[in-house]
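Colleague: model the following, please.
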Amino acid sequence: MSHNQRTLSDRGGERNSDHLVREIVDSARQALGMTRKGLAEAVGVHPRTLRNWMQHPSRLTGEQIERLARSLCMSAENEANLRLLTSRKPAPLTVAEIREQPDMAIYRRLVDSTSYPSMVTDYSAENIYVNAAFRDLFGSVTPHAYASPLKNGLTYILFHPQAGEVLGSGDYASFREYWLMPAMAHFLAAWQQRPGDAKLLRIKEEILRRPEVRRAYEAAPNWIVRSGDIHVNSTARPFRDPRSGRLRTVHIVTEGHHGYQPLPVTHTTWVLDDLEPPQVPEQHGRHQEPPARGEEARCSCGPGQAAP
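Modeller: Now for the predicted structure:
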């Protein structure tokens, strides 16, 4: 497709989005019996400013959408549709804010109802709520200020000095294949959805600061091509139970509740059993050398997202 053809196509898509945004705004305004002038007053702008907004409404900013939605008493679904049409995601809720949401009461009951280790996390893999079984499973892990599995699974896998001893079969190849690379793929997906996000940026800076983790970061795109959609992958993974030191198998089962829903969270459950742990296929990284001992070895202990 030529540049001119792409430009025309983009313009056509923008015109269609403009029409749909106007339709949503006008329907909400008319349902309230509000004039365009009345809407401008409610939003706090001059009528001419509102007209300018609505000439190309698909270019509305996130703040403008928020003001329109609030002034029109818009439903969460209609506000979400506006954000989809304008590619404006709302600012993410903090973990503290999510914990106060009414829907979290249901998640707490859901997570507490299972005997398996289970938790609810936000987009950065920060734990919002974990059940007693999860706390019991990881309660004996050496405390770490930035990489505790009870705080954030992603940073635990990526940065905890002893993550590689728990996650995998005790060798770097299995840790890398079954834990480090899936977690890194999870991080890349989150970064793609929220580029520049402050929480993810801190994780990225730490990744780039650690040579071994940085190499995994650079290799992640090829790993994703080979391994497919990691978000729905519940493949058995080797796992050394930190309570007993026994080698076990775990299936990570995730349910994502993302997009523009009021509560963008992931519910994750660790289904543990005592089957023979899987082995890393020869072509999938057995040639990888384990990191050298010392500081770089500690850096290599990668992503701790329970369910990338």
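Colleague: report the residue spans of the stretch 151-300 of the chain with pLDDT below the cut-off.
Modeller: 229-233, 257-263, 281-300 (pLDDT under 70).
Colleague: quick one: the strands in it?
Modeller: 237-240, 247-257, 265-273 (DSSP state E, counting those that start in this stretch).
Colleague: residue 18: which of the ones you listed is closest?
Modeller: When the strands of the stretch 151-300 of the chain are compared by C-beta to C-beta, strand 247-257 sits nearest residue 18, at 30.0 Å. Where C-beta positions appear, they are placed from N, C-alpha and C, glycine not excepted.
Colleague: so in that sheet, which strands flank that closest one, and in what orientation?
Modeller: strand 237-240 (antiparallel), strand 265-273 (antiparallel) (DSSP bridges).
Colleague: could you dump those strands into CSV with distance to residue 105 and mean neighbour count added?
Modeller: Putting those into CSV (distance: least, C-beta to C-beta, whole Å; neighbours: other C-beta atoms under 10 Å) gives the following:
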stretch, distance to residue 105, mean neighbour count
strand 237-240, 31, 22
strand 265-273, 13, 19
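Colleague: out of these, the one nearest residue 124 is which?
Modeller: Closest to residue 124 of the strands paired with strand 247-257 is strand 265-273 (C-beta to C-beta; 10.4 Å).
Colleague: before we move on, back to that, turn the strands paired with strand 247-257 into a markdown table, including distance to residue 52.
Modeller: Listed next are the strands paired with strand 247-257 as a markdown table, based on distance: least, C-beta to C-beta, whole Å:
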| stretch | distance to residue 52 |
| --- | --- |
| strand 237-240 | 54 |
| strand 265-273 | 37 |
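Colleague: of those strands, which is nearest residue 188?
Modeller: That would be strand 265-273 among those, by C-beta to C-beta, at 15.7 Å.
Colleague: what's that closest one in contact with?
Modeller: Residues from elsewhere that reach strand 265-273, judged by C-beta atoms under 8 Å, 6 or more residues apart in numbering: 98, 107, 110-111, 114, 116-123, 128, 134, 137, 153, 239, 241, 248-258, 306-307.
Colleague: that'll do, ta.
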